[in-house]
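> Sharing a model that was predicted from the sequence below.
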Amino acid sequence: MSRERTKASGRGNAPVFAALADPMRRDLLMHLAEHSPKTATQLAEDYPITRQGILKHLRILEEAGLVAVRQKGREKQYTLTPGQLGELERWIRDVTARWDERLLRLKAMLEDGDEPPGAPEPA
């Protein structure tokens, strides 16, 4: 499959979709959007899970390109990186535009009195 087709199909966004599928990770992203940078220890203070649990979620978000990690002294600071979200937004807009186009074609056919392909014959 070509890179353009893969990109258009959203398969290139699979790690982002997988990362965003978990409500805790979505909440962590929102938190980082408002309060970046934060360490895993600081984040664990705001959530009912352990620091290790927070780190697990942050690793998945980092692998999906949704957060960046910066070493500062002995600590790692996590910051939201919205680039992948922009790519996801473009993909969603593309799917929406294609769907809207199909609906407009269907509407035009129905208004012209044409039957859509595969429509049952009137009884």
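Cool, the structure landed.

> Residue 39: how many residues sit nearby?
By other C-beta atoms under 10 Å, 17 other residues sit near residue 39. The way it works is simple: take the backbone N, C-alpha and C, and place the C-beta from them, glycine included.

> so where do the strands sit in the protein?
Residue ranges of the strands in the chain, as given by DSSP state E, are 38-39, 67-72, 75-80.

> can you redo the ones you listed as CSV with distance to residue 99 and mean pLDDT?
What follows is the strands of the chain, written out as CSV (distance: least, C-beta to C-beta, whole Å; pLDDT from 0 to 100):
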stretch, distance to residue 99, mean pLDDT
strand 38-39, 38, 94
strand 67-72, 31, 92
strand 75-80, 29, 93
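
> Could you say which of the ones you listed is packed most deeply?
Highest mean neighbour count of the strands of the chain: strand 38-39, a mean of 20 (counted as mean count of other C-beta atoms under 10 Å).

> which other residues reach it?
For strand 38-39, the surrounding residues in contact (C-beta atoms under 8 Å, 6 or more residues apart in numbering) are 31-32, 75-78.
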